[in-house]
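A.B. asks: Below: sequence and its predicted model.
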Amino acid sequence: MSHGKFDHIMFKGGVHPPEGKELSNKCEIKEAPLLDKYTVILQQHIGAPPKPIVVKGDEVKKGQLLAESGGFVSAPIHSPTSGTVSAMTEIPGPMGAKMAAIEITADGKDDFESPFPPIEDWKAIDPDELKKRVAEAGIVGMGGAAFPTAVKLSPPADKKIDCLIINAAECEPFLTADHRTMLERTDAVLEGTAILAKILGVDKIVVGVEGNKPDAIETMSAKAGQYDIKVLEMRVRYPQGAEKQLIYAVSGRKVPTGGLPMDVGCVVQNVGTAVAVQEAVVEGKPLFERVTTVTGEPVVNPGNWKFRIGTPLSKVLELAGGIKHQPGKVILGGPMMGFAQKNLDVTIMKNASGVLLLSKEEITQFESDPCIRCGKCVDACPMNLLPGTLSAAAENERFDIAEDYRVMDCIECGSCSYVCPAHRPLVQHFKRSKAEITAKRRKQ
């Protein structure tokens, strides 16, 4: 069987925000035209920053290595086009701080030069060679976290992995990049998944898709059997795509407090990551572009584009036809877990799943009103936490209490903030608590 419907466990909590996917889920992926210039941020992943191996004035080809991996938990960066390294610079990153970047001025030829050859018969290749290719290609988790994929594929010897889960939930409102990728790049998604399974040595492979993508479920299911992959239709509920919730929904396994998916024998990868793996192995193509949804009511032509890394948000919005009126907020990512941007010089990175514009009427401002003890946040929390208690601890700078009440387990999904009638900045409180606790641990 390649398609199961609702034969999974429902996680506790979660919310049902308006989906907004109808703005772009029927829009085919468009190839963004070649720009005159790309500014590629170096730190595009969790872990050690990569080390530049080019200098100003160097000629580069599309796909050429710009910066090599800076350690085990790191990922290299490759050029999005051919041209000249015109500057070693700094630009605003998604979090607002200045970040080191390499500016490439395009020569218009877009000449591609692969840093490694295609692997024609990957089924006959040693899994370690395939994993090395994933590392060389600079592949990271493309669902948002941007954790280097090769590291995820290297569990310690005492962690037996028996299940690969492809996260195709795309539960974040408005985003449709994974949906369109499943429809238009079905074989690449499935073959990339099969390559990941070979690296891990597993034969239990599940693609979890929310039920609001029936066309993707049908398209994927029609071909999944060829690869011994099961497509599982899941109920629509945010945050279904959060790693721990997805694992529980698909397998019934609970990742322990402070634990990782590998502690329960699972590895989770994103749809976009699977395609990047297929391209790296079969085509010899490193990761230098990705599918991103550009959407929101203020956008003239919402849709899905394949953008090269280093594309500024100003150009992204220009390609989408510009704006109908001044937006209230520009968000990199989705409305629940994305980051608001104050500068359109920020460029597309490997984990940029969406660029979302919200109108002023769609935004609710946080307020400093006291908690009214309604308990809605407790019902909504998918991690079984007490958000109201954690928030009060943060306000009083009692981070020791927040730690005792498991604030480190918070996945920052925003479900609590979404349902809070007092409009309290709950996730911001938890982010601060986690930062303070992490700093204290490092000091100790």
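C.D. replies: Perfect, thanks for sending it. Numbering: from 1, shown residues only.
A.B. asks: ok, which stretches of the stretch 151-300 of the chain are helices?
C.D. replies: Assigned helices in the stretch 151-300 of the chain, in chain order: 177-184, 186-200, 214-224, 243-251, 271-278 (criterion: DSSP state H, counting those that start in this stretch).
A.B. asks: how many neighbours does Asp400 have?
C.D. replies: Asp400 has 13 neighbouring residues, counting by other CB atoms under 10 Å. Where C-beta positions appear, they are placed from N, C-alpha and C, glycine not excepted.
A.B. asks: Pro421 too?
C.D. replies: 11.
A.B. asks: So it sits against Lys376, correct?
C.D. replies: Yes. Using CB atoms under 8 Å as the test, Pro421 is close enough to Lys376 to be in contact (6.9 Å).
A.B. asks: so how far is the first residue of stretch 84-102 from its last?
C.D. replies: Criterion CA to CA, to the nearest Å; first-to-last residue distance in stretch 84-102 is 10 Å.
A.B. asks: Next: stretch 339-352.
C.D. replies: 11 Å.
A.B. asks: what about that stretch, average pLDDT?
C.D. replies: For stretch 339-352, mean pLDDT rounds to 96.
A.B. asks: Equivalent analysis for stretch 233-241, please.
C.D. replies: The pLDDT scores in stretch 233-241 average 95.
A.B. asks: Show me what it is in contact with.
C.D. replies: 3-6, 8, 10-11, 14-17, 19, 143, 167, 169-173, 208-212, 217, 245-246, 249-250, 336, 382, 411, 413, 415 (CB atoms under 8 Å, 6 or more residues apart in numbering).
A.B. asks: With Thr438 as the reference, name the closest of the helices of the stretch 151-300 of the chain.
C.D. replies: Evaluated over the helices of the stretch 151-300 of the chain, closeness to Thr438 peaks at helix 243-251, with 19.2 Å, by CB to CB.
A.B. asks: Which secondary structure elements does the closest one sit against?
C.D. replies: The helices and strands touching helix 243-251, judged by 3 or more CB pairs under 8 Å, 6 or more residues apart in numbering; DSSP states H and E, are strand 163-168, strand 204-210, strand 230-234, strand 266-270.
A.B. asks: out of those, nearest to Val346?
C.D. replies: Counting by CB to CB, Val346 lies closest to strand 266-270 out of those; the figure is 21.3 Å.
A.B. asks: Which of the three states applies to Val355?
C.D. replies: Following DSSP: H, G, I helix; E, B strand; the rest coil, we place Val355 in the strand state.
A.B. asks: tally of neighbours for it?
C.D. replies: A total of 27 residues lie near Val355 under the criterion other CB under 10 Å.
A.B. asks: Could you check the pLDDT of Ala145?
C.D. replies: 82.
A.B. asks: now the stretch 1-150 of the chain, which segments are flagged as low pLDDT?
C.D. replies: Applying pLDDT under 70 to the stretch 1-150 of the chain picks out residues 1-8.
A.B. asks: could you pull out the helices for it?
C.D. replies: 127-136, 149-152.
A.B. asks: so of the ones you listed, which one's packed in deepest?
C.D. replies: Counting by mean count of other CB atoms under 10 Å, helix 149-152 has the highest mean neighbour count of these, with a mean of 24.
A.B. asks: same for that helix, what does it pack against?
C.D. replies: Checking 3+ CB pairs under 8 Å, 6+ apart, helix 149-152 ends up next to helix 127-136, strand 266-270, helix 271-278.
A.B. asks: Could you list the buried residues of stretch 276-283?
C.D. replies: Ala276, Val277, Gln278, Glu279, Ala280, Val281, Val282 (16 or more other CB atoms under 10 Å).
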